[in-house]
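Q: model the following, please.
(chains A and B)
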Amino acid sequence: MTMKLLYSAKNILSFTQLKLFMLLLFAIPSAHADWQLNMREGVTEISRTIYSLHMTIFWVCVVIAAVVFGIMLYSVIYHRKSRGAKVHHFHENIYVEIAWTVIPMVILIGMAVPATGTLKKMYDQSDSEIHIQVTGYQWKWRYQYLEQEVDFFSSLATPLAQINNLEPKTENYLLEVDNPLVLPIGKKVRFLITSNDVIHSWWVPDFAVKKDAIPGFINESWAIPEEIGIYRGQCAELCGKDHGFMPIVVEVKSQVDYEAWLAGQKLAQIETAKSAEKRWTLDELMVTGKEVYTKSCAACHQASGEGIPGVFPALKGSSIVQGDPSEHISIVLSGKSGTAMQAFSDQLSAVELAAVITYERNAWGDALGDIISPSQIAKMKQ
Amino acid sequence: MTTGTEQITAAEIETAEAGQNESFEGVQADTDKHTDATEHHHGPAKGISRWFFTTNHKDIGSMYLWFSLVMFMVGGCMALMVRTELFQPGLQFIQPDFFNQMTTMHGLIMVFGAVMPAFVGLANWMIPMMVGAPDMALPRLNNWSFWILPFAFSIMLMTLFMEGGGPNFGWTFYAPLSTTFAPPSVTYFIFAVHMMGISSIMGAINVIVTILNMRAPGMDMMKLPLFVWTWLITAFLLILVMPILAGVVTMMLMDIHFGTSFFNAAGGGDPVLFQHIFWFFGHPEVYIMILPAFGIVSEIIPTFARKKLFGYSSMVYATSSIAFLSFIVWAHHMFTVGMPLAGELFFMFATMLIAVPTGVKVFNWVATMFRGSMTFETPMLFALAFVVLFSIGGFSGLMLAIAPADFQYHDTYFVVAHFHYVLVPGSIFSIMAAAYYWLPKWTGNYYDEKMGKIHFWLSFIGINITFFPMHFVGLAGMPRRVPDYALQFADFNAVSTVGAFLFGFSQLLFIYNVVCCIRKKNQASKQVWEGAYGLEWTLPSPAPYHSFTKPPKVD
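A: Numbers count the residues shown, from 1 in each chain, chains lettered A, B, ... in the order given. Now for the predicted structure:
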């Protein structure tokens, strides 16, 4: 086959053409050439076991392929009419047929045994020390540390300008988030995975953890990270427009650093609650509001507030945005069931909510002059 | 490789003809005479009504094949749009929502519009000729099952121009993305799927009735050509699973418009139920797209190896076991949905079992070539590429069957590479091979062999450049169905895009070759290929409008 391939390729493409083609192929510019060929081994016992299973089955396939394609290639070269090969009429041989049924069976059983063992280990949830609920949202992740009062959202940090090729792309393009999940080293962490809207899939290749996040159901998975570092993954199940833009970043820290981080998180929560009590001016709210809008609303309603006709409604000129503030606030806080509009009550702080609602009511030329105060929102949240 | 040895001369064929299909001898003269006498009575109608009202298996077969070719080009253009966007990181040409519509439509059109109708077209053309019948058993049903299709696909394509766009939830349309969160056009999509399903079921009924009732005297089941056998099994699969697809889209319709909660957890339903039902249809569906291909390759390899198929009966049994197994492996598409351990293990073992009958098939083809006397005309080149590249797809399938490893492979480009290896050099190459193999019988003319070979080599190189690197990016961690990707995947994606354009544009050669073959007079003999065996080769080229008006006798 291969010889034939080369031989005929010569007939089709002259060597100069071939060279030109190869040149075209390899001259494609790219800043971060990588050419990674294989799976990562990862940093957990399970991920390394899976890697070795993957390599074993790969080599089994390579050997079978070499034998089968070898015989085929031999026939193609030697049993061709142009070499004067005469037909040997033979067919149906029960011994050969039994052999090529039984031998693959044996190989398969040989593969099934270690695979079963690994799978059993992956399903063993016992002795977990830390429990984290992972919830998929269109298009971000929420992490709730069930033993701690820590709860936050994690969304893409890559600026839109990089995605739209207006700025050069940085190293972790599309694989960076604002708030990474932080884990301590060497602890068995159990992930309880679910979703708020459609099906997502939480995947960290270095932990060999991939589980679908399904609305209304809770899936489990676990990992014991063995090395300090930053591990990046992505949503693996098509979940709508921005499926490609909801990465997962996990930072594994030492126990001491992890505890410091936890303390910092709790402190920040108190700070946020306090800032709601302050008096905010329209200008201040508009500035914060624009930031929040870009991060949390623009994916659907668009930066212009015009939405996408037939998919996501426009805010500009909308009767809700221009009408009674309490209806506007309640939709932002509680979402609208049966649509892609999420409840933002848990996702954003009172200040952020007040700012974004104020922004929506005053941007795009509507200028109602309304000020929605954070304290008003804080009251409604309770 | 000189063309001289492979281009069969007319003289060679005449001598071959004397001995080749001797079991059918004596019948031939009758058929010829009959055809001559009746042709002016039963010829095709004139003008456009020939195509609208035809009940002739050849006309309907041709329409199916042309329809499939058009859909192949439409679906191919969508694939090229996807590949263009993926040429470099960043969003350059299309926006994510439209990107999702393109991947979805590409999948739906290629599966339901290109591969399935092409196989039905081949079945229409070849089954009556191979079993010694004048036509299909249910000719009016045949007309209807074809004419539904253009309407179904018009509706489907129309959705792209509707407010909110077309289906954007992937060809597997997982709920609730395809129900609660779908664009309004999803209702049209559901209607189109229903129509396609009706068309497929009617086509399948026709195939079964024809094969079971219209065989020539002496054509026992275990003498049926393998293409007929594989199609018979495929037809049973179709009848069994298309109603399930219809059921699942109806449940979607109910959820969307009539307040039910089959797939809505908030109403007590289960989104995973959707996946179970879908894949209970979907897994047999992938065999629907490959079993007829096995049949085609099992016809072509013996012809060009000039040697009988190594194990006819084991091929029949292997095909049947693959068909049976296809019903008990569906959840291997769902290893990450959180099934209980026992479920994972059952579906892993059952899936691994499929490698056995599939292996039997590949070994049979290789044993058929072994110590044969091979020539390498275009159909044979496609069939050989099929054996090698389909096997590569099979190997990656075996890797995917290992459930723990699947947690890393699932929903990555590794899966995309896998199923494109079984579908493009699998199903599509077999359809190409079949077209080249039977074109002289259909048109009465030889196609241009040299152009056919160039088409083959460009396609072969093109698809490998396109799909092989996808294994690498998949293993390196690139999820499927993303419009943009991290920088480390950039190089291989650029390579894939170059390959896709090479493959896509080389198909224009195929169209040109087919059109020339229909127009140009390069009279093919009755036998066409020196080593060809079967009833279809006892008919003149082109085959008469009514294939066998008198049943041939088969010893």
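
Q: how near is residue B:219 to residue A:273?
A: 84 Å (Cβ to Cβ, to the nearest Å). Yep, even glycine has a C-beta here, placed from its N, CA and C like the rest.

Q: who has more neighbours out of the two?
A: Higher neighbour count among residue B:219 and residue A:273: residue B:219, with 22 against 13, using other Cβ atoms under 10 Å in any protein chain shown.

Q: residue numbers of the stretch 201-350 of chain A in contact with chain B?
A: A:201, A:203, A:205, A:208-212, A:214-217, A:219-220, A:232-245, A:308-311, A:337-340 (Cβ under 8 Å from any Cβ of the partner chain).

Q: out of those, which sit inside helices?
A: Using DSSP state H, no member of those sits in helices.

Q: among those residues, which ones are buried?
A: Buried by 16 or more other Cβ atoms under 10 Å in any protein chain shown: A:201, A:203, A:205, A:208-212, A:214-217, A:219, A:232-245, A:308, A:311, A:340, out of these.

Q: what's the single longest helix in chain B?
A: Under DSSP H, chain B gives helix B:226-257 as its longest helix.

Q: who are the contact partners of the closest residue to chain B within chain A?
A: The minimum distance from chain A to chain B, using Cβ to the nearest Cβ, falls at residue A:216 (2.2 Å). By Cβ atoms under 8 Å, 6 or more residues apart in numbering or on different chains, residue A:216 lies in contact with A:194, B:265, B:266, B:270, B:271.

Q: what does residue A:75 give?
A: Residues in contact with residue A:75 (Cβ under 8 Å, 6+ apart) are B:366, B:369, B:370, B:371, B:372, B:374.

Q: surely the fifth one touches residue B:308?
A: No - at 9.5 Å, residue B:372 and residue B:308 do not qualify as touching, with contact defined as Cβ atoms under 8 Å.

Q: domain boundaries for chain B, per the record?
A: In the domain annotation for chain B, the residue ranges read B:43-276, B:290-524 (automatic domain parsing).

Q: among these, which is nearest residue A:91?
A: domain B:290-524 (5.0 Å; Cβ to Cβ).

Q: re the thing from before, so which of the residues of the stretch 201-350 of chain A next to chain B sit within strands?
A: A:201, A:203, A:209, A:210, A:211, A:212, A:219, A:220, A:232, A:233, A:234 (DSSP state E).

Q: could those residues be laid out in JSON lines, adding pLDDT and distance to residue B:154?
A: Putting those into JSON lines (pLDDT from 0 to 100; distance: Cβ to Cβ, whole Å) gives the following:
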{"residue": "A:201", "pLDDT": "97", "distance to residue B:154": "34"}
{"residue": "A:203", "pLDDT": "97", "distance to residue B:154": "38"}
{"residue": "A:209", "pLDDT": "96", "distance to residue B:154": "44"}
{"residue": "A:210", "pLDDT": "96", "distance to residue B:154": "39"}
{"residue": "A:211", "pLDDT": "96", "distance to residue B:154": "40"}
{"residue": "A:212", "pLDDT": "97", "distance to residue B:154": "35"}
{"residue": "A:219", "pLDDT": "96", "distance to residue B:154": "41"}
{"residue": "A:220", "pLDDT": "95", "distance to residue B:154": "46"}
{"residue": "A:232", "pLDDT": "96", "distance to residue B:154": "44"}
{"residue": "A:233", "pLDDT": "96", "distance to residue B:154": "41"}
{"residue": "A:234", "pLDDT": "96", "distance to residue B:154": "36"}
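
Q: how about the residues you listed, which pair is most distant?
A: The distance between the two most remote of those (Cβ to Cβ) is 22.3 Å, for A:220 and A:232.

Q: show me what contacts residue 85?
A: Unless you meant another one, I'm taking chain A. Neighbours of residue A:85 in contact, by Cβ under 8 Å, 6+ apart: A:78, A:79, B:371, B:372, B:373, B:374.

Q: my bad, chain B
A: Under the criterion of Cβ under 8 Å, 6+ apart, the contact list for residue B:85 reads B:91, B:92, B:93, B:94, B:99, B:483.

Q: just the buried ones from those, in PyMOL syntax?
A: Typed into PyMOL, the line below selects the buried ones among the contacts of residue B:85, using 16+ other Cβ under 10 Å:
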select buried, chain B and resi 91+94+99+483
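
Q: now the contacts of residue B:85 in CSV, with distance to chain A and pLDDT?
A: Below are the contacts of residue B:85 laid out as CSV (distance: Cβ to the nearest Cβ, whole Å; pLDDT from 0 to 100):
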residue, distance to chain A, pLDDT
B:91, 6, 94
B:92, 7, 92
B:93, 11, 93
B:94, 12, 94
B:99, 8, 96
B:483, 5, 96
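
Q: which of the contacts of residue B:85 fall within helices?
A: Going by DSSP H, the helices hold residue B:99 from the contacts of residue B:85.

Q: how about the nearest residue to residue 149, chain neighbours excluded?
A: Let's take chain A. Nearest non-adjacent residue to residue A:149, counting by Cβ to Cβ, 6 or more residues apart in numbering or on different chains: residue A:266, 6.4 Å away.

Q: could you do chain B instead?
A: Counting by Cβ to Cβ, 6+ apart, the residue nearest residue B:149 is residue B:199, at 5.4 Å.
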